[in-house]
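K.L.:
coords below, sequence missing:
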């Protein structure tokens, strides 16, 4: 890559929808996998591929004015690369609540350990 090239993480990519502000690429890929029963997506380079019809079936709520054919082509290509590598199983992001609970458990364990150390010193 050249010095002016930009790189975007796939986790930062989303698609505009009619019902929500956007839909994450992970959710789209998961829906595609379910729709295709784990098989490959249509070839985006084939003249026979009707990409809008495919995405209508997979994510009917996509915004037809802001999700262009060029975007559809990229999503199909990314899906096929991940599908060929058997890499379509995604980890669920941890929620803030579970992060806070984990931090609280660590803090409680540290406090208990500190109290135990103080008692032993007496």
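P.N.:
Happy to help now that I have it. Since the model is a prediction, treat every value here as computed from it, not as a measurement.
K.L.:
what's the domain layout of the chain?
P.N.:
The record's domain parsing of the chain by automatic domain parsing lists 11-84, 93-122.
K.L.:
tell me which of those domains is the most buried.
P.N.:
Across the domains of the chain, averaging neighbours per residue (mean count of other CB atoms under 10 Å) puts domain 11-84 on top, at a mean of 15. To be clear about C-beta, it is placed using only N, CA and C from the backbone, and glycine gets the same treatment.
K.L.:
what about residue 4, neighbour count?
P.N.:
Other residues near residue 4 number 5, with proximity taken as other CB atoms under 10 Å.
K.L.:
distance of it from residue 36?
P.N.:
As judged by CB to CB, to the nearest Å, residue 4 and residue 36 stand 36 Å apart.
K.L.:
residue closest to the middle of the protein?
P.N.:
residue 26 (2.4 Å; CA atoms, centre = their mean).
K.L.:
surely that residue and residue 90 touch.
P.N.:
Yes: between residue 26 and residue 90 there is a contact at 5.2 Å, judged by CB atoms under 8 Å.
K.L.:
all the helices of the protein, residue numbers only.
P.N.:
25-35, 51-58, 69-84, 96-121 (DSSP state H).
K.L.:
thanks a lot, catch you later.
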